[in-house]
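In: fold the following.
(chains A, B, C and D)
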Amino acid sequence: MRTAADKQTTLGEAATLVRDGDTVVAGGCCYSRTPWALLLELLRAERSDLTLGRNLMCYESELFLARGAATKLISSWVGIGLRWGIPRVFRDFVERDPSIYEEWSHLSFGMRLSAASMGLPFLPTASLLGSDLLKRLPAREMRCPFTDELLVAVPALVPDVALIHVHRADVRGNAQVEGPAYMDLELARAAKLVIVSAEEIVSSEELVRHNDRTLIPALVVDAVVEVPYGAYPHECHGRYEADFAHFDAYAERVNEAGVEGVQAYLREHVDDAGSFAGFLDSVGASALLDQRRKARELVSA
Amino acid sequence: MRTAADKQTTLGEAATLVRDGDTVVAGGCCYSRTPWALLLELLRAERSDLTLGRNLMCYESELFLARGAATKLISSWVGIGLRWGIPRVFRDFVERDPSIYEEWSHLSFGMRLSAASMGLPFLPTASLLGSDLLKRLPAREMRCPFTDELLVAVPALVPDVALIHVHRADVRGNAQVEGPAYMDLELARAAKLVIVSAEEIVSSEELVRHNDRTLIPALVVDAVVEVPYGAYPHECHGRYEADFAHFDAYAERVNEAGVEGVQAYLREHVDDAGSFAGFLDSVGASALLDQRRKARELVSA
Amino acid sequence: MSSEPTPTELMTIAGSRLLRDGRVVFAGVGSPLEASVLAKRLHAPSLTIVLEGGAIDPSMLPGRLPVSTNEMRAAHGASMLAGINDLFLYAQRGCYDYGFIGAGQIDRFGNVNTSYIGDPDSPKVRLPGSGGANDIVSSCREIFIMLKHETRRFVERVDFVTSPGYLDGPESRERAGLVRSRPVAVITDLALFGFDEESGRLRIDALQPGVSEEHVRESTGFELLASDTVVSLPAPTDQELAELRWLRDGEGGGALPACGRKAAAV
Amino acid sequence: MSSEPTPTELMTIAGSRLLRDGRVVFAGVGSPLEASVLAKRLHAPSLTIVLEGGAIDPSMLPGRLPVSTNEMRAAHGASMLAGINDLFLYAQRGCYDYGFIGAGQIDRFGNVNTSYIGDPDSPKVRLPGSGGANDIVSSCREIFIMLKHETRRFVERVDFVTSPGYLDGPESRERAGLVRSRPVAVITDLALFGFDEESGRLRIDALQPGVSEEHVRESTGFELLASDTVVSLPAPTDQELAELRWLRDGEGGGALPACGRKAAAV
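Out: Residues are numbered from 1 along each chain as shown, chains lettered A, B, ... in the order given. Down below sits the predicted model:
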């Protein structure tokens, strides 16, 4: 029950809430505030047949495809960043079977979540008009009932599961973030099941003291897990910067060995690491603290 | 130009930006964070033929009707609060000519502003269905193009002017509030012209230090006025509570003398006071400080 | 021993008993809010209260209950302060179990009028309006309506449907597209009413202590259905009365033991 | 004296000169962002930059320009951090004067493809996708597109219209409902292009220093229109080059005098 007084759980337990075949949408954006610990836990739990959705998708896309965890992706953009080029394994999968990838524009993807979050079956937008994207999508042109303006109606996207990483939460699931909110609020309200990981669990008294900072209310949250560095190697605003060296190493593996490179990454960081704590151990304290220092610099500069 | 480096101005200057016949929508909600100083300034400037809109309207409705400043109201509710009963002068005006009042539900009013703020000519909602409100409104039933669900489309409301009172702003117009945001963000984005009054003008450096607290960006703001106690006798979250004794005195005048009571209030607080500063002087420092103390109690309790 | 309950107290306490723990209630100010806070304090500690002004899960200060939903007093101790549109859109999303409103005028199908007495084009009385009531009855799953029982308020057909009940019956409600919510109970100082499933008409389910079915019928401007077994509601307990008065007046300290900060805010 | 400008620098500096003071530009990361930051630093101090990740009016740290629009570096010194939907909805509301994007493949009508090379049902190359580009060209008032000039990128007809330019010409664009925005310029390391008003086709307006019109035509996979008077762009100034390199590398301190904190963040 979403009003339960204590929803705190573990990564392992949280992963059992996700069922094979679910549509899972991750919060944050690209390599920012990604619910990385939760995503790795789904891979560790050998979830399969998932549809993975995200507004801008980083290389979790390739991990899920290579592992066979996801059989379909929904997004507006897939990659790490210009610096790392076109993601090779994502390319291979989609070039082999384009039907596994549903491509929206960034806003039209967001409007699908907004529609769901507003309890509406659709929303109109001025995006997608005239594009070839529209021709391949379950969206359709419509006219404004008042002005007759041509618009595009996008259908609500109601994910089975939302995974969201935040800075602070209480055990009831009230969640607060620092820095940009990305599409987390829309996502939390849209999904049927919401799992939140937090850098820290704070008391409800502490959280209430800054109640105008709460982004996500407990009444839409089903489970809360405390995971410091839970977005690492991605960034968490003000806490730690993204670890570009880790991305470089990943990209190098993939450029050398394609999907085998992804498998090697998964073996090392998901299987052999045994747990997210094990993964952080393998990264090492000095790397973590280094990224923390860089983030502090940016906040104070 | 909305990107001007300095948009700071005076109440008097700000009032000249509003033209007779404009649709003016006020921020805050009922007796909370009302742009009272800006509203009184419009009355002082003898603006006329305005359409005044607000989600829940307090007794500014009666001031504008009695003064002849507004000839039409758009809202979902008009009154001060249960304690003060049905607003007598509002009643008199509407009972004489029901066409001066356009009644929406709270959400459908809000969705009109949301539509405008999103750059859309309409939005769908599940409110108003089956009601007699719908029969008298420029809204219409529509069906979802995907699910065929029956919904109500409401047309965008693009105010000519938005008046919004906030806690902090910089001279460029970036605005931050404490406590609830009400519909201020939607309103600021919806309106063609946005005038912000602020308890305090802070430096842009100070504002940027808490940039994830900014509610309204400079790029939609046209003018900024520093007005401490600018919502008084209404409340400003954390700064001062609403002055119920002031409301009681107003209500008593109106209950005794109807529209003449409103005129007396206007003579005293708008005309004789001469300025908002004059109004605050007539209220007296001890009353202001008393309301401030009560607000502090609530924040710290 | 508390003094005798007033009619408003009877109504508020009967309303509070309907709210189950672990649910989310969208409460209007006045008696619905008092009933909700009382329920949370007495038997539904995990009841989440939400208020039109944006406060989610507030803990009011006794003696300083809000007069309006959007003021500081309503935000006190809340877990979150949402924008008003968002607050309502959670309802539209199906996040709220109960919608709990007051009413000016109600008819046999539970339709509520808070807009016009008389012909809307030439009204006898202009009332304050819908506010969020229309939105609440359109989107919250189960609708509770609370009002003082007077013949002039319980009419055959409201002059204006501000907030739809069953309209002309369940079919007309469904035809109108009102599929997200349903009216469940009407609570007055005389009785507790449900709705007849087939006709959508008001049905006496229980009577306030010492009130006769006949008295209820005499105070109602239309023909009431009645349950097969109309029971009498248990009288307010001393605890309920003491808590409610403490909440309202901030005096007396409530019936439950104080426990630090939690005792001051509920 | 700065060293010779690279092709990317030529393109970026030419782009920066198009941005007028007091405007709002929605800039993609990479060269469009660098051009925007450069413009703000040199001739458009009141230019407001907005980034897809939510940052409104950020002041980047030289040497730490963001790689992705949503990271901390992109939020640095911003006046506001909006949600991503909101950030785009400001565009849809008409709040942004310029939309400034990169492109993988472009055709003579300014249509941009960042999705598929080859048949989308059996693609030769799957590209990263639209991201916000489709939204930007649909809603920002004036669209600027910047890309390296290669024959394979300048094609008669893009394989897939991710982000519409003039489609098949101004009429087809209007028929498609694209009435909020219009493509205005394409900036490359070889030339600056406008669009012919009547046909909606790419038109050479100016050449990068030392580049011939013939060379541009040879590097383009379709027939280009040309202005009556094709001019040569002024070469990057030392100041422009020094500032751009300082922004990118964080070294050298820039061409303008430092003035406390303002100098470190631009």
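In: next, the buried residues of stretch A:32-49.
Out: A:32-45, A:47 (16 or more other Cβ atoms under 10 Å in any protein chain shown). The C-beta positions use only the backbone N, C-alpha and C, and glycine is treated the same way.
In: actually, stretch A:152-164.
Out: For stretch A:152-164, a neighbour-count test (16+ other Cβ under 10 Å) marks A:152-164 as buried.
In: got the residues of the stretch 51-200 of chain A near chain C?
Out: Taking Cβ under 8 Å from any Cβ of the partner chain as the measure of proximity, the stretch 51-200 of chain A contacts chain C at A:Ala116, A:Ser117, A:Met118, A:Gly119, A:Leu120, A:Asp170, A:Arg172, A:Asn174, A:Arg189.
In: farthest-apart pair in those, please.
Out: Largest separation among these by Cβ to Cβ: A:Leu120 and A:Asp170, giving 29.5 Å.
In: and C:Gly253, what pLDDT?
Out: In the prediction, the pLDDT value recorded for C:Gly253 is 57.
In: if we can go back for a sec, can you narrow the buried residues of stretch A:152-164 to ones near chain B?
Out: Okay, of these touching chain B (Cβ under 8 Å from any Cβ), that's A:Ala153, A:Pro155.
In: take the buried residues of stretch A:152-164 and lay them out in TSV including secondary structure and pLDDT.
Out: As requested, the buried residues of stretch A:152-164 are exported to TSV (DSSP: H, G, I helix; E, B strand; the rest coil; pLDDT from 0 to 100):
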residue	secondary structure	pLDDT
A:Val152	strand	98
A:Ala153	strand	98
A:Val154	strand	98
A:Pro155	strand	98
A:Ala156	coil	98
A:Leu157	coil	98
A:Val158	coil	98
A:Pro159	coil	98
A:Asp160	coil	98
A:Val161	strand	98
A:Ala162	strand	98
A:Leu163	strand	98
A:Ile164	strand	99
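In: make a markdown table from the residues of the stretch 51-200 of chain A next to chain C and add secondary structure to it.
Out: What follows is these, written out as a markdown table (DSSP: H, G, I helix; E, B strand; the rest coil):
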| residue | secondary structure |
| --- | --- |
| A:Ala116 | helix |
| A:Ser117 | helix |
| A:Met118 | coil |
| A:Gly119 | coil |
| A:Leu120 | coil |
| A:Asp170 | coil |
| A:Arg172 | coil |
| A:Asn174 | coil |
| A:Arg189 | helix |
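In: using CSV, please lay out those together with distance to A:Thr16 and neighbour count.
Out: Below are these laid out as CSV (distance: Cβ to Cβ, whole Å; neighbours: other Cβ atoms under 10 Å in any protein chain shown):
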residue, distance to A:Thr16, neighbour count
A:Ala116, 24, 24
A:Ser117, 26, 28
A:Met118, 30, 27
A:Gly119, 28, 21
A:Leu120, 31, 23
A:Asp170, 23, 25
A:Arg172, 21, 24
A:Asn174, 23, 29
A:Arg189, 23, 24
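In: distance check, A:Glu205 against A:His167.
Out: Counting by Cβ to Cβ, to the nearest Å, the gap from A:Glu205 to A:His167 is 17 Å.
In: actually, C:Met60.
Out: 28 Å.
In: of the two, which one has the most company?
Out: C:Met60 (26 against 20; other Cβ atoms under 10 Å in any protein chain shown).
In: wait, doesn't that one sit right on C:Glu71?
Out: No. Using Cβ atoms under 8 Å, C:Met60 is not in contact with C:Glu71; the gap is 11.2 Å.
In: now the longest strand that chain C contains: buried residues?
Out: When every strand of chain C is counted residue by residue (DSSP state E), the longest turns out to be strand C:225-232. Residues of strand C:225-232 classed as buried: C:Leu225, C:Ala226 (neighbour count, 16+ other Cβ under 10 Å).
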